[in-house]
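K.L.:
coords please:
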Amino acid sequence: MASRKQRRRREKLQRHEYEYVLETEEGEEVLESPREAEPTAARNGKAAKEPPGPVDRHGKPVPKPSLRRVLRRTAIFAPLIALFIYLTAGDDLTVGTLIFNIVLLLAFFMPFSYMVDAFMYRLLQRRQAKDRAARRGG
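P.N.:
Just a heads-up that it's a prediction; the model follows:
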């Protein structure tokens, strides 16, 4: 048989998220409305601080696309591309053709990588603006 404390804890876990429970000094549980539980800054009419840019599903801010990030990603993938070309090309591959193929593939990889970053950033920005408008509108 579960103790009284364990039963209360289990009951708290089974409640809906929108119910806030406060425990008084006597041990009584009092339901509090979500409006009362809001931070004082939000109750005073000040807006809660939101991140300046879009956030991903985990709540982390998504950085703006930048050339520095693309160059770092390229530096990571360049050896992998070189290894792939070396293993798939065959025996008649010279160092010059290997370097030419790597440079050619990286010339496509870098702008494509930047465009994907920019596309994702704009998509998340639009999604966040849409969510904000939905929250304000009701």
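K.L.:
those strands in the chain, which residues are they?
P.N.:
20-23, 29-32 (DSSP state E).
K.L.:
what's the average pLDDT for the first one?
P.N.:
Put plainly, it is strand 20-23. The pLDDT scores in strand 20-23 average 69.
K.L.:
same question for the last one.
P.N.:
Confidence for strand 29-32, expressed as mean pLDDT, is 69.
K.L.:
what is the burial count for residue 128?
P.N.:
By other CB atoms under 10 Å, 16 other residues sit near residue 128. (C-beta placed from N, C-alpha, C; glycine too.)
K.L.:
how about it: what's its closest non-neighbour residue?
P.N.:
residue 54 (4.7 Å; CB to CB, 6 or more residues apart in numbering).
K.L.:
tally of neighbours for that neighbour?
P.N.:
If we define neighbours as other CB under 10 Å, then residue 54 has 20 of them.
K.L.:
so, low pLDDT: which residues of this structure?
P.N.:
Per-residue confidence for the chain (pLDDT under 70) gives these ranges: 15-21, 31-51, 138.
K.L.:
what residue lies at the spatial centre of it?
P.N.:
residue 56 (2.3 Å; CA atoms, centre = their mean).
K.L.:
how about the contacts made by it?
P.N.:
Applying CB atoms under 8 Å, 6 or more residues apart in numbering, we find residue 56 in contact with 62, 124.
K.L.:
export only the CA atoms of stretch 93-111, formatted as CSV.
P.N.:
What follows is stretch 93-111 as a C-alpha-only set of coordinates in CSV (Å, rounded to 0.1, in the frame of the first residue of the first chain):
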residue,chain,number,x,y,z
LEU,A,93,43.5,8.4,-61.0
THR,A,94,46.3,11.0,-60.8
VAL,A,95,46.8,13.5,-58.0
GLY,A,96,45.8,16.3,-60.3
THR,A,97,42.5,14.8,-61.3
LEU,A,98,41.8,13.9,-57.7
ILE,A,99,42.3,17.5,-56.6
PHE,A,100,40.3,18.8,-59.6
ASN,A,101,37.3,16.5,-58.7
ILE,A,102,37.5,17.5,-55.0
VAL,A,103,37.5,21.2,-55.9
LEU,A,104,34.7,20.7,-58.4
LEU,A,105,32.5,18.9,-55.8
LEU,A,106,33.2,21.4,-53.1
ALA,A,107,32.3,24.2,-55.5
PHE,A,108,28.8,22.7,-55.6
PHE,A,109,28.8,21.7,-51.9
MET,A,110,29.5,25.1,-50.4
PRO,A,111,26.8,27.2,-52.0
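K.L.:
right, I'll call it a day here.
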